[in-house]
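>>> I need the structure of the sequence given here:
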Amino acid sequence: MLDVVRLRVLLAVARTGSLTAAAKELHYSQPSISHHLARLEAETGARLLQRAGRGVRLTETGRLLAERAADIIGRLDAAEEELAAHVGLRSGRVRLAAFPSALGTFVPRAAMRLARDHPGLRLHLTETEPPEALRLLRAGRVDVAVVFRYDDTAPDDGGNTTVHLLDDPSYLVTASAAQPGELSAHAHSPWIAGCDRCRSHLLDLCAKAGFVPRISFTSDDIVAVQALVAAGLGLTLLPGLALRAHRHPDVRASEVPGSTRHVYAALHGDPPHPPAAEALLAALRDAV
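Below is the predicted model of the structure:
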């Protein structure tokens with residue numbers, strides 16, 4: 001049977017790229033790190049590390065085991081948090097992953113409610129887009145993921161409970177001096193695309209309007225995107241939450257019919273969920 005401590009050591013080495021850095025991160029001595037890795041190689045019968053200059057790197061087998069170790073340790077840590085949560089919500093932590101415009105709008109209100117109702121509960125926030133947020137949720141590295149999908153987005157993998165939070169309409173964003181018009185009126189204009197999921201939705205909408213957009217810039221930074229639009233360097237499609245989080249004074253926005261993203265909170269597995277996750281979910285629902 002694989003030893004969990006040794007898996008943590010392998011994961012730390014994979015993350016830091018050296019035995020010294022892994023020892024510092026785990027508060028072990030370097031000889032102890034070397035001993036654990038040697039024992040892990042003996043247990044598995046495989047070479048897991050190889051020297052690379054002054055550091056080390058994982059072999060293909062080592063990378064495979066490190067990937068599995070991340071999932072295993074994530075689940076163990078999540079189980080520990082769940083057990084602590086069942087004792088009560090007087091202390092502990094709850095972890096949330098959310099996309100940027102959610103973090104810039106309703107998530108802070110949810111955090112305020114959570115702090116008010118459960119002052120001993122620590123909230124950890126991770127900013128990431130939906131595919132990575134769901135991966136972190138499956139790996140047990142977050143307790144709740146705030147994600148979104150469009151009607152034309154492929155369904156996410158199963159195994160999660162999803163709770164609808166809100167519907168977020170999309171807006172065509174142009175420079176103030178420009179006339180928004182229909183999408184088809186901008187078939188020859190330069191476009192600015194966002195994250196992969198938003199870019200895919202933009203391509204789908206433009207295809208339905210009869211053209212392929214000429215994408216000149218790509219950025220998921222809503223401040224930078226709107227600054228580019230205001231400078232006349234292109235136009236873009238932004239969700240309402242993004243415009244609520246930040247609105248450049250020199251852009252114009254008009255709602256695009258039939259383009260809405262659906263925002264959900266996802267929790268791993270079926271109910272009942274740990275009390276800390278349920279408390280965070282209640283705070284999110286109240287915030288929107």
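>>> Neighbours of the closest residue in space to Glu182 that isn't next to it in sequence, how many?
The shortest distance from Glu182 to any non-neighbouring residue, by CB to CB, 6 or more residues apart in numbering, is to Ala209 (7.2 Å). All C-beta spots, glycine's among them, are computed from the backbone N, C-alpha and C. Using other CB atoms under 10 Å, Ala209 has 15 neighbouring residues.
>>> His35 too?
Using other CB under 10 Å as the criterion, His35 is surrounded by 14 other residues.
>>> same check, this time on the one 10 residues further on
One way to gauge burial is a neighbour count; for Gly45, by other CB under 10 Å, it gives 7.
>>> Kindly report the same for Gly53.
Gly53: 7 surrounding residues under other CB under 10 Å.
>>> how far away is it from Gly17?
Distance, Gly53 to Gly17, by CB to CB, to the nearest Å: 10 Å.
>>> show me where the stretch 51-200 of the chain has strands.
Secondary structure of the stretch 51-200 of the chain, counting by DSSP state E, counting those that start in this stretch: strands at 55-58, 93-98, 122-127, 144-150, 160-175, 190-193.
>>> who touches Arg109 in this structure?
Arg109 is in contact with 286-287, counting by CB atoms under 8 Å, 6 or more residues apart in numbering.
>>> repeat that for 10 Å
With contact taken as CB atoms under 10 Å, 6 or more residues apart in numbering, Arg109 is in contact with 283-284, 286-288.
>>> I'd like to know which of the residues you listed is nearest to Arg214.
Nearest to Arg214 among the contacts of Arg109 is Val288, at 35.5 Å by CB to CB.
>>> Check whether the closest one really touches Arg244, as I assumed.
No: using CB atoms under 10 Å, Val288 is not in contact with Arg244; the gap is 11.5 Å.
>>> These two: which has the busier surroundings?
For Val288 and Arg244, the more surrounded residue by other CB under 10 Å is Val288, and the numbers stand at 18 against 13.
>>> so who does the more buried one touch?
Contacts of Val288 were listed using CB under 10 Å, 6+ apart, and they are 102, 105-107, 109-110, 146, 164-166, 168, 241, 263, 265.
>>> what's the spacing between it and Tyr264?
From Val288 to Tyr264 the distance is 11 Å (CB to CB).
>>> any shared contact partners between those two?
Joint contacts of Val288 and Tyr264 (CB under 10 Å, 6+ apart) are 146, 164-166.
>>> Buried subset of those residues, written for ChimeraX?
Those of the shared contacts of Val288 and Tyr264 that count as buried under 16 or more other CB atoms under 10 Å are selected in ChimeraX with:
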select :146,165,166
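>>> Show me the two of the shared contacts of Val288 and Tyr264 that sit farthest apart.
Within those, Val146 and His164 form the most distant pair, 11.5 Å apart (CB to CB).
>>> any idea which helix or strand carries Ala21?
Ala21 belongs to helix 19-26 when elements are defined using DSSP states H and E.
>>> mind listing what's buried in that helix?
Buried positions in helix 19-26, judged by neighbour count with 16+ other CB under 10 Å: 19, 21-23, 25-26.
>>> same deal with stretch 256-275?
256, 259-268, 273-275.
>>> Take those and lay them out in JSON lines including distance to Arg138.
Shown next, in JSON lines, are the buried residues of stretch 256-275 (distance: CB to CB, whole Å):
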{"residue": "Val256", "distance to Arg138": "32"}
{"residue": "Ser259", "distance to Arg138": "29"}
{"residue": "Thr260", "distance to Arg138": "26"}
{"residue": "Arg261", "distance to Arg138": "22"}
{"residue": "His262", "distance to Arg138": "20"}
{"residue": "Val263", "distance to Arg138": "19"}
{"residue": "Tyr264", "distance to Arg138": "15"}
{"residue": "Ala265", "distance to Arg138": "15"}
{"residue": "Ala266", "distance to Arg138": "10"}
{"residue": "Leu267", "distance to Arg138": "11"}
{"residue": "His268", "distance to Arg138": "7"}
{"residue": "His273", "distance to Arg138": "15"}
{"residue": "Pro274", "distance to Arg138": "16"}
{"residue": "Pro275", "distance to Arg138": "21"}
